[in-house]
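K.L.:
Fold the following.
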Amino acid sequence: MKVIVVGPRGKMGRLITQAAAGRADMQLVAGIAPKGRDYIGNDLGIVAMAGRELGVPVVDDLESVIDSCDVIIDFSTREMAMEALDIAIAHQKALVCGTTGFSPEEMQRFQNAAQKIPVLYAANTSKLVNVMNKILEFVTKSVGEGLDIEILEMHDQKKKDAPSGTSKEMGEIIAHALGKELSDIAVYGREGDSPRERGTIGYHSLRAGNIPSSHTVYFGGIGERLEITHHAYNWECFARGACDCAAYLADKKPGFYTIQDVL
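P.N.:
Purely as a prediction, here's the structure:
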C-alpha cells in the first residue's frame, strides 16, 4: 500500500510516518506540509525524524503527488483536512482522518464523501480506547439510567479543541445507550450556583504540559462510584492504530468506516 501522510512534522504526523516506514506492507510516497514551511522539498524521513532518509519528498501540493498513492492519512488541522478530503474525492483515493474539532456540517462532508471513496474517520485510533468504548456501552445499558455520569479528559497544552473528539465520542456512545442525543444532555463545566441536573453528562477538560491523552468516565451512585479510565503514555499507540486503519482500507469499496470496523 502506497501512503501519503499529511502534516508529517506534527506530533501525530511524525509518529505515523515513523510507524509506516517500519511496516513491510506500506510504502511512503510523499508528505504534505502546510504552505510556507522551511522544510518543504526535504526528504520525508529527515522531516519526520525517522532516523534515515526515505527517498521521498515533502511537498505543499497534495494534488501534485496524490495519483502515486493508495491512501492518505491525515492528522493535521481542520483546514488541511477539508482540503485533503476534497482532493481525495476528486482523485478517488481512500482517506484516513484522525483530525478533530470539526463542525457538524464538516462531519457531514465526510459522510457525503463516503458515497464516492472509502473514508475512515476515527477521533481516537487506540485499540484500548475503543475497547473502553464497548465497556462504556455495556455499563450504561446495564446500570447507567440511575447514575450520575461525568467525563474528565486531559490533553497537552497545545490541543485546540475542547472537549476532545474522543470524549465526545464516548459521550455519544453513552447517550445513545440511554436512548438520548448527547447534544440534549451534555453540560460543559460548572461555575457558581449550578446543581447537577439528573440525566445529564458532565464534561471537564484539562490542558497541561505534554499530557498525551487521558479519559475517565465516572458513574456515580449513592455510596459508591465506578471509574473507567484510559491513559496513553505517549502518542505511539495512536500512530500504530492509524496505520492499521490505512491497511484496513486496502481493498474496501466506498463507504464510511470507523475504528470499530478495523478491530
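K.L.:
Just give me the neighbour total for residue 57.
P.N.:
The number of residues packed near residue 57 is 16, by other CB atoms under 10 Å. Heads up, the C-betas are built off the backbone N, CA and C, glycines and all.
K.L.:
I misspoke; the intended subject was residue 49.
P.N.:
12.
K.L.:
That one and residue 195: what is the separation?
P.N.:
The gap separating residue 49 from residue 195 is 50 Å, by CB to CB, to the nearest Å.
K.L.:
Look up which residues are beta-bridged to the closest residue in space to residue 159 that isn't next to it in sequence.
P.N.:
Nearest residue to residue 159, sequence neighbours excluded (CB to CB, 6 or more residues apart in numbering): residue 207, at 6.0 Å. Counting by DSSP bridges, residue 207 is bridged to residue 155.
K.L.:
quick one: contacts for residue 207?
P.N.:
With contact set as CB atoms under 8 Å, 6 or more residues apart in numbering, residue 207 has these partners: 154, 155, 156, 157, 159, 162.
K.L.:
Quick check: buried residues in the lowest-mean-pLDDT helix or strand in the chain?
P.N.:
Using mean pLDDT, DSSP states H and E, the weakest-scoring helix or strand in the chain turns out to be helix 259-262, at a mean of 90. Buried residues in helix 259-262, counting neighbours by 16 or more other CB atoms under 10 Å, are found at 259, 262.
K.L.:
by contact count, what packs against it?
P.N.:
With contacts taken as 3 or more CB pairs under 8 Å, 6 or more residues apart in numbering; DSSP states H and E, helix 259-262 sits against strand 118-121, helix 127-143, helix 236-248.
K.L.:
Swap in 6 Å and give it another go.
P.N.:
helix 236-248 (3 or more CB pairs under 6 Å, 6 or more residues apart in numbering; DSSP states H and E).
K.L.:
helix, strand or coil for the residue of the chain positioned farthest from its centre?
P.N.:
The outermost residue of the chain relative to its centre, with distances by CA atoms, centre = their mean, is residue 223 at 35.8 Å. What DSSP: H, G, I helix; E, B strand; the rest coil gives for residue 223 is coil.
K.L.:
Ok, residue 179 next?
P.N.:
Going by three-state DSSP: residue 179 is coil.
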